[in-house]
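A.B. asks: Next input, structure requested:
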Amino acid sequence: ITMSRSSSFFEEKSGVVENREEWGCWSQTIEEISICINVPFGTTSKSLKVQLLPHHVSVRLLDDILIEGDLKATIVVDESCWTLEDKKEVRILLLKSKRDASATWPSLFVDKYFMDAQSFDETQKKLTLERYQNENPGFDFSSAEITGQYQNGGPSITQ
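C.D. replies: Purely as a prediction, here's the structure:
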């Protein structure tokens, strides 16, 4: 999975807005959706069935469905992956098909795991600042504050 250096730098310094769920959490950047699912300690990759499709994700542990649903937007399956970490957490990295600051996902799935209003607002701010970072690699926007027009990726700046 490729990520621009400025996006990676920005995310490391500024953090992400985590959306906590009963099964774990999910977050997003301009380019990616990150999902962390808690599983019982000692889980093996052979006991997991993870299905990543352009519009759908399913994660099962033996016969139990951990999460399953239609994604809020499409992903690039060939650039997405999952891992089992320390036999206790499934990490899934989904590459968004539409990768710009205006493509904030308000929920993980079409019908569930919605962000609350404050988290959505904070995520839109982060993605707008990440956009500015990508457009201006010589500057550091990781600790900047933003007010005004930041919804849907902020204002269009013509050059």
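
A.B. asks: how about low-confidence regions in this structure?
C.D. replies: 1-14, 149-150, 152-159 (pLDDT under 70).

A.B. asks: could you pull out the helices for it?
C.D. replies: According to DSSP state H, the chain carries its helices in the segments 5-14, 117-135.

A.B. asks: Pairing partners for residue 92 in the sheet, please.
C.D. replies: Beta-bridge pairing of residue 92, defined through DSSP bridges, involves residue 35, residue 82.

A.B. asks: Strands of this structure, residue ranges please.
C.D. replies: 19-21, 24-28, 32-38, 48-53, 56-61, 64-70, 75-85, 89-96 (DSSP state E).

A.B. asks: So which elements touch the first one?
C.D. replies: Under the contact definition 3 or more CB pairs under 8 Å, 6 or more residues apart in numbering; DSSP states H and E, strand 19-21 sits against strand 24-28. Every C-beta, even on glycine, is put in place using the N, C-alpha and C of the backbone.

A.B. asks: Around residue 62, count how many other residues there are.
C.D. replies: 9 (other CB atoms under 10 Å).

A.B. asks: hang on, isn't it packed against residue 44?
C.D. replies: No. If you go by CB atoms under 8 Å, residue 62 and residue 44 don't touch, sitting 10.4 Å apart.

A.B. asks: Export stretch 23-38 to CSV, keeping only CA atoms.
C.D. replies: This file holds the C-alpha atoms of stretch 23-38, laid out as CSV (Å, rounded to 0.1, in the frame of the first residue of the first chain):
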residue,chain,number,x,y,z
TRP,A,23,-15.9,-4.6,18.6
GLY,A,24,-12.9,-2.1,18.4
CYS,A,25,-12.5,1.1,16.5
TRP,A,26,-12.1,2.7,13.0
SER,A,27,-10.5,5.9,11.7
GLN,A,28,-9.7,7.5,8.4
THR,A,29,-7.3,9.6,6.5
ILE,A,30,-7.7,11.1,3.0
GLU,A,31,-6.4,7.8,1.5
GLU,A,32,-7.4,5.1,3.9
ILE,A,33,-9.9,3.6,6.3
SER,A,34,-8.3,1.8,9.3
ILE,A,35,-10.3,-0.8,11.2
CYS,A,36,-9.1,-2.5,14.5
ILE,A,37,-11.2,-5.5,15.7
ASN,A,38,-10.5,-7.0,19.2
